[in-house]
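A.B. asks: predicted model and sequence follow; I will ask about them next.
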Amino acid sequence: MGAWNTLHLFDSDQFYEKGVSVLKGESKTLLKDYSDFIRSFGIGGVADLSADQLNQLIEQSVESIIETSNLFDDSLKKHQIYDALDSDDQKRVYLNEHAHYYDFDRFFEYYLFKHYADFYPHLNCGKHGLLGKLNPKRSTVANEALYNLEDANNYFCADMMGIVNWIAKEDAELLLNCREDFTPGESYDSLFNSFFTLVEIAVENGLGLLRGVDMRESILEMLPQNKLTHPAKWETYDFHGIFDINKAE
């Protein structure tokens, strides 16, 4: 059936300057972020916990997030254990033995969209993402940059739900300069144009791009929007194909 794939603006600079160090425990602000997350979106009887029980759960969860984050490299893309495993079966066994990965992924998605990405407006990429539809020529910078955005073989969406991947502003700039290296089919001309509208906005604002699949829309759309660009910015572009809930009829 495929999945709901979306593309969003992402402040890669701020994420690497601030966010990674927070997730790795170098700042006390993670406790506040996780507390907000669990109190607002906690699942599984959080409301029935006493204040002391809830605080203990928050502290233990934050310790687990910091521990997991420190298993990644500085790009927060390569997990030193999970990504070193040879097969999908081995990776699944690892995740089954470390079930806290699911809670980590839920919070990671929330944390990025609370501070460093906007859920709206976004581009609907269709059921199977962008790579096959936009068809970048092989052995080109365009192919490598789009592949980096589409490559879902990572810890964050092991169940094909959550954050697929992201690219920094430098890769967005590369994409914008490689438009001629794409050969989309006729049925994807509209998607192609909408994609480059979003890339152009990202580059003009010094932003990267983030891809998600079947993310928790009901949570993410409640977070602050328009953190990365002023709403008026969107009025200067052809909005066709880029979905903004504020403009939905």
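C.D. replies: That came in fine, so what should we check first? The structure presented is a predicted model; accordingly, all values stated were derived computationally and were not measured. Numbering: from 1, shown residues only.

A.B. asks: right, and Ile58 touches Tyr34 too?
C.D. replies: Yes: using Cβ atoms under 8 Å, Ile58 makes contact with Tyr34 at a distance of 5.8 Å. The C-beta positions use only the backbone N, C-alpha and C, and glycine is treated the same way.

A.B. asks: the strands in the chain, which residues?
C.D. replies: Taking DSSP state E to define them, one finds strands in the chain at 5-10, 122-126, 162-167, 208-213, 242-243.

A.B. asks: now do the contacts for Leu9.
C.D. replies: Taking Cβ atoms under 8 Å, 6 or more residues apart in numbering as the contact definition, Leu9 lies against Ala117, Asp118, Leu198, Ile201, Ala202, Asn205, Leu207, Gly208, Leu209, Leu210, Leu228, Thr229.

A.B. asks: ok, the residues you listed vs Phe107, which is closest?
C.D. replies: Closest to Phe107 out of these is Ala117 (14.3 Å), distances taken as Cβ to Cβ.

A.B. asks: pretty sure that closest one contacts Leu210?
C.D. replies: Yes: Ala117 is in contact with Leu210 according to Cβ under 8 Å; the separation is 5.1 Å.

A.B. asks: need the overlap of contacts for those two.
C.D. replies: With contacts defined as Cβ under 8 Å, 6+ apart, the residues shared by Ala117 and Leu210 are His8, Leu9, Phe10.

A.B. asks: for the nearest residue to the last one once chain neighbours are set aside, give me the pLDDT.
C.D. replies: In this structure, Phe10 finds its nearest non-sequential neighbour in Leu210, 3.8 Å apart by Cβ to Cβ, 6 or more residues apart in numbering. pLDDT, the model's per-residue confidence, is 96 for Leu210.

A.B. asks: Leu210: neighbour count?
C.D. replies: By other Cβ atoms under 10 Å, the residues close to Leu210 number 26.

A.B. asks: where does this structure have low pLDDT?
C.D. replies: Low-confidence regions of the chain, defined by pLDDT under 70, span residues 1-2, 42-45, 47, 153, 238-241, 243-249.

A.B. asks: among the strands of the chain, which comes closest to Tyr147?
C.D. replies: strand 162-167 (9.3 Å).

A.B. asks: name the surrounding residues that touch that closest one.
C.D. replies: Defining contact as Cβ under 8 Å, 6+ apart, one finds that strand 162-167 is touched by 5, 10, 12, 77, 105-106, 108-109, 112, 129, 145, 148-152, 154, 156-157, 175, 208-215.

A.B. asks: Gln14 and Asp214, how far apart?
C.D. replies: For Gln14, the distance to Asp214 equals 26 Å [Cβ to Cβ, to the nearest Å].

A.B. asks: closest to Tyr94 out of the shared contacts of Ala117 and Leu210?
C.D. replies: Each of those was checked against Tyr94 using Cβ to Cβ; the closest is Phe10, at 27.3 Å.

A.B. asks: excluding chain neighbours, what is closest to the residue nearest the centre of the chain?
C.D. replies: Among the residues of the chain, the smallest C-alpha distance to the mean C-alpha position (Cα atoms, centre = their mean) belongs to Ile163, namely 3.9 Å. If the residues on either side of it in the chain are set aside, Ile163 comes closest to Phe156, at 4.5 Å by Cβ to Cβ, 6+ apart.
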